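Engineer: Need coordinates for the following:
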Amino acid sequence: MPKQAPNVLQQEFPIFSDWLYESVEHEPVADLVHQAVEFILSQFSDDPKQLEDIQVDASLDDLPIESHPITNLDISEEHAQRIRTSFQYILQFFLVEEPYRSKTHREHALKLFDTYGISLDVA
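Structural biologist: Here you go, the predicted structure:
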C-alpha cells in the first residue's frame with residue numbers, strides 16, 4: 001500500500017460516513033460498518049483501537065428480514081473461474097498436507113497475494 005494511502009483514507013472517512021448513514025436503511029448495520037472501518041484506519045495511528053472497542057447497540061432482530069445471498073455477481077465467467085482457482089490454491093497451500101505444500105503451490109499463492117496486494121504478514 002502506498003505510504004500516503006492511510007492519510008488519504010482518513011481524510012475521506014467523514015465523507016464515507018455521511019454516505020454510509022444516508023445509504024444504509026438499517027442504522028445498526030451502518031454503525032457496524034462505520035466502526036469496522038474506523039477500527040481499520042486506527043491501525044495506522046499511534047493509538048490503534050482494539051476489536052473489543054467495536055460496540056453496536058443492536059440485536060439480531062435489527063437485521064433486515066430479507067437476505068440477499070451472493071448468487072449472481074456481475075463478473076465474467078473467466079474472472080469467476082480465476083477467483084475459484086485462487087481460493088483453491090490458497091486453501092490447498094495453507095490447509096492441506098502434501099502434495100499441495102509444493103514449490104508450485106507456494107509460487108501460485110505468493111503470486112495471488114501480490115496480485116491482490118495482500119502482504120505476507122497478513123497472509
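Engineer: Report the next helix or strand after the helix or strand encompassing A80 in sequence order.
Structural biologist: Using DSSP states H and E, A80 sits in helix 77-95. Beyond helix 77-95 on the C-terminal side, the first helix or strand identified by DSSP H and E is helix 103-116.
Engineer: tell me what that following helix is packed against?
Structural biologist: helix 77-95 (3 or more CB pairs under 8 Å, 6 or more residues apart in numbering; DSSP states H and E). Quick note: C-beta positions are derived from backbone N, CA and C, even for glycine.
Engineer: circling back: the helix holding A80 - contacts with which helices or strands?
Structural biologist: Looks like helix 77-95 contacts helix 103-116 (3+ CB pairs under 8 Å, 6+ apart).
Engineer: circling back to that earlier point, can you give me the angle the helix holding A80 makes with helix 103-116?
Structural biologist: 120 degrees (axes from the mean of the first three to the mean of the last three CA atoms, to 10 degrees).
Engineer: what distance separates helix 77-95 from the centre of its chain?
Structural biologist: A distance of 16 Å separates the centroid of the chain from that of helix 77-95, by CA atoms, centre = their mean, to the nearest Å.
Engineer: which regions of this protein sit below the pLDDT cut-off?
Structural biologist: Scanning the chain for pLDDT under 70 picks out 1-2, 58-75, 92-102, 120-123.
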